[in-house]
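> mind folding the following:
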Amino acid sequence: MNPAISIVIPTHNRAGLVITTIESVLAQSFTDHAILVVDDGSTDDTRDVLKPLVDAGKIQYHFQVNQGRSAARNKGLASAWGTYVMFLDSDDILVPNALDLLFNYAQADPTAGLIAGTRLLINAAGEIQPETEIINWTSMSVGKKFTVEMIDGLCFTPSAYIVKRSLAQSLSGFDKNFEPAEDYDFFVKCCQSAKIIALKETVVKMLRHDGNTDEGDLRRASLRIGQKNLENLSDLNGAHAPDVLNLIKAKWHIRIGNDHYSLAQNFYAFRNYLSAIIACPKVLLADGAGRLMRQMAASLIPAHLRGRRSRG
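This is a model prediction of the structure:
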């Protein structure tokens with residue numbers, strides 16, 4: 001009998017962390033799931049550490065030559081079964097009722113393609129750390145279909161949601177060309193294709209450690225995603241009214257501007273903020289407009305004077 005949720009755990013040289021991740025799944029109050037670990041060419045003792053769990057039938061283990069986490073997730077997706085899939089990173093920890101919570105909302109609204117909860121950042125001691133992303137909860141009411149004009153406020157880690165397996169497969173999974181922000185690209189595609197349910201309950205704890213992805217690399221990948229979506233705006237003709245399309249364009253320019261700003265690329269940041277206003281002047285009246293004006297003003301200050309080091 002197929003499980004309701006397949007949990008895909010990609011991992012690479014995290015023998016000391018992946019066990020804790022798996023244990024958090026095995027401890028779930030919701031038990032109708034299967035665990036698929038995709039080992040992306042680990043050279044440590046990951047295989048040996050996981051062997052007892054494989055022998056006990058608690059997990060499935062797949063090994064591949066190192067190809068990156070997109071390929072590992074996609075291999076897991078191809079091997080998954082059941083209605084929903086979760087892509088759980090091998091350094092994340094599910095809270096005990098995470099799957100129960102997400103699946104109950106999924107059952108309440110079968111038309112939703114993706115159901116997401118929130119995350120907590122923790123350090124090695126389990127202490128809560130400051131959130132690093134701004135999530136626009138005001139635009140994320142339960143049961144609302146997201147539209148891409150909200151995209152500057154969207155941030156969900158794959159470990160915090162379940163997605164219909166059919167939807168993930170129809171979108172061809174994760175695109176390695178956008179690593180290490182391939183998860184953001186995947187979520188954007190989900191927003192454009194399906195109804196999303198966003199919850200305020202915490203479902204996952206994310207460990208902050210030296211092996212986390214570099215923020216500069218994330219921002220550079222995010223820039224490529226933003227540029228791709230700007231270039232593909234014509235694909236949305238007919239799906240939205242012209243004024244909505246202009247708002248979508250403006251929101252992408254803001255997102256790109258924020259990425260440039262974080263990379264201390266002030267000129268390009270200011271240019272994109274200005275392009276946003278030109279594309280849709282009403283962004284100045286929208287929520288967060290004050291933040292946009294502050295960012296524009298800050299981008300006129302040389303990067304070295306605001307204590308940021310260029311990583312571009």
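
> only C-alpha atoms from now on, for both contacts and neighbour counts.
Fine.

> any idea how many residues pack against Leu284?
Around Leu284 there are 15 other residues, counting by other Cα atoms under 10 Å.

> check it and give its pLDDT.
Turning to Leu284, the model gives it a pLDDT of 84.

> again with Val204
95.

> helices of the stretch 151-300 of the chain, start to end?
Ranges of helices in the stretch 151-300 of the chain, per DSSP state H, counting those that start in this stretch, are 165-170, 182-193, 215-231, 242-262, 266-279, 289-298.

> export those to a markdown table and append columns for distance to Glu23.
Converted to a markdown table, the helices of the stretch 151-300 of the chain look like this (distance: least, Cα to Cα, whole Å):
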| stretch | distance to Glu23 |
| --- | --- |
| helix 165-170 | 23 |
| helix 182-193 | 23 |
| helix 215-231 | 28 |
| helix 242-262 | 36 |
| helix 266-279 | 43 |
| helix 289-298 | 41 |
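
> show me where pLDDT drops low in the protein?
The model of the chain has pLDDT under 70 over residues 131-155, 287-289, 307-312.

> give me that answer again for 90
When residues are selected by pLDDT under 90, those of the chain lie in 1-2, 117-157, 188, 190-201, 207-215, 233-245, 247-248, 251, 282-292, 302-312.

> residues near Phe270, how many?
22.

> what sits against it?
Phe270 makes contact with 257, 296, 299-300, according to Cα atoms under 8 Å, 6 or more residues apart in numbering.

> can you do 6 Å?
296, 299 (Cα atoms under 6 Å, 6 or more residues apart in numbering).

> before we move on, back to that, most tightly surrounded among the helices of the stretch 151-300 of the chain?
Highest mean neighbour count of those: helix 242-262, a mean of 23 (counted as mean count of other Cα atoms under 10 Å).

> packing partners of that helix?
Counting contacts by 3 or more Cα pairs under 6 Å, 6 or more residues apart in numbering; DSSP states H and E, helix 242-262 is packed against helix 215-231, helix 266-279.

> and the contacts of that helix?
149, 152, 219, 223, 226, 269, 272-273, 276, 279-280.

> same check, this time on stretch 18-35
Under the contact criterion Cα under 6 Å, 6+ apart, stretch 18-35 has outside partners 3-7, 59, 90, 92-94, 96-97, 99-100.

> over to stretch 43-56?
With contacts defined as Cα under 6 Å, 6+ apart, stretch 43-56 is touched by 13, 15, 59.

> measure the last one to Val37 for me?
Look at Ile59 and Val37: by Cα to Cα, to the nearest Å, they are 7 Å apart.

> the more surrounded of the two?
Ranked by neighbour count (other Cα under 10 Å), Ile59 and Val37 place Val37 first, with 27 against 19.

> and after the host helix or strand of that one, which helix or strand comes next?
Using DSSP states H and E, Val37 maps to strand 33-40. Heading C-terminal from strand 33-40, the first helix or strand you meet, by DSSP H and E, is helix 46-55.

> which residues in the stretch 1-150 of the chain form helices?
Assigned helices in the stretch 1-150 of the chain, in chain order: 15-26, 46-55, 69-79, 98-108 (criterion: DSSP H, counting those that start in this stretch).

> Asp185: which of these is closest?
helix 69-79 (11.2 Å; Cα to Cα).

> can you give me the offset of that closest one from its chain's centre?
With Cα atoms, centre = their mean, to the nearest Å as the basis, helix 69-79 stands 15 Å off its chain's centre.

> other residues contacting that helix?
Against helix 69-79 from outside (Cα under 6 Å, 6+ apart): 8, 10, 38, 173-174, 176.

> how near is the closest residue to Ser299 other than its chain neighbours to Asp214?
Nearest non-adjacent residue to Ser299, counting by Cα to Cα, 6 or more residues apart in numbering: Asn266, 4.9 Å away. Going from Asn266 to Asp214 by Cα to Cα gives 20 Å.

> returning to what we had before: from the contacts of helix 242-262, which two are the most distant?
Arg219 and Cys280 (24.1 Å).

> who's the closest residue to Ala124 other than its chain neighbours bridged to?
Leaving aside its sequence neighbours, Ala124 sits nearest to Leu207 (Cα to Cα, 6+ apart; 6.8 Å). When bridges are called by DSSP bridges, Leu207 pairs up with Ile122.

> that concludes my questions; thank you for your assistance.
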